[in-house]
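J.: Fold the stuff below for me.
(one chain, ligands or ions: 1)
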Amino acid sequence: MPVFSVCVYCGSRDGARTTYADSAEALGRGLGAAGWRLVYGAGDVGLMGRVARSAQAAGAETFGVIPQHLVDWEIGKTDLTTYVVTETMHERKKVMLMNSDAVVLLPGGAGSLEEVFEALTWAQLGLHKKPIVILNIDGYWDPLLALLKHVIDQGFADASLRGLWSVAASVEDAMDLLRSAAKAATE
Ligand code: AMP
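T.: You can find the predicted model right below:
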């Protein structure tokens with residue numbers, strides 16, 4: 001059976017607080033300790049690089065997907081277990097999600113938002129049932145969670161949208177949610 005694979009969306013920068021970097025590294029270590037595979041955007045910058053380096057150091061398999069035009073900018077990490085270069089951003093997201101069993105959102109910027117919204121909207125359309133874990137380190141994603149609530153409250157999404165993601169306040173909580181998902185995947 002293929003190894004449980006976790007797609008991590010996160011910033012190509014480190015962000016303003018050291019807790020963001022610490023969490024990215026803790027998540028990478030957690031994936032390695034659990035014997036799971038990291039799927040991510042194959043860059044060696046910001047939180048992306050941190051999660052990948054710590055996952056590698058903890059013995060995790062790593063699967064990275066990067067479009068050709070970002071190989072220099074995001075420093076394509078060629079020493080991953082699997083390093084895939086795509087032609088477009090769209091292909092990148094598709095290949096990442098296709099090869100994952102669950103999604104985790106760490107702190108990040110517009111790119112991370114774009115990626116998680118695609119995973120969320122595809123789940124809303126019934127195109128996949130992969131769990132989506134919003135890792136809300138230091139309340140970083142509180143404004144996103146408030147916006148999603150507002151969208152539902154104002155009638156622009158069904159209340160069932162709320163069932164498509166889980167919120168974890170710490171890497172340990174996120175790992176617990178992922179363990180439940182991994183267990184469910186084997187049943
Ligand atoms: P950011 O959160 O803005 O630092 O971006 C995180 C990652 O998302 C980076 O690797 C970006 O290249 C990537 N990204 C940004 N926009 C897209 C997109 N439309 N499709 C796929 N990846 C993207």
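J.: drop to CA atoms for contacts and neighbour counts, all remaining ones
T.: Noted.
J.: Surely residue 35 and residue 60 touch.
T.: Yes. Look at residue 35 against residue 60 with Cα atoms under 8 Å: they come within range, at 6.1 Å.
J.: Tell me which of these two has more neighbours.
T.: residue 60 (24 against 17; other Cα atoms under 10 Å).
J.: was I right about that one contacting residue 27?
T.: No. Using Cα under 8 Å as the test, residue 60 is too far from residue 27 to be in contact (11.1 Å).
J.: Residue 180: neighbour count?
T.: 11.
J.: Tell me the secondary structure at it.
T.: Put simply, residue 180 is helix when judged by DSSP: H, G, I helix; E, B strand; the rest coil.
J.: which ones are touching it?
T.: Contacts of residue 180 were listed using Cα atoms under 8 Å, 6 or more residues apart in numbering, and none were found.
J.: any idea how far residue 35 is from it?
T.: 15 Å (Cα to Cα, to the nearest Å).
J.: ditto for residue 26
T.: Distance from residue 26 to residue 35, by Cα to Cα: 14 Å.
J.: Next: residue 161.
T.: Taken as Cα to Cα, the span from residue 161 to residue 35 is 31 Å.
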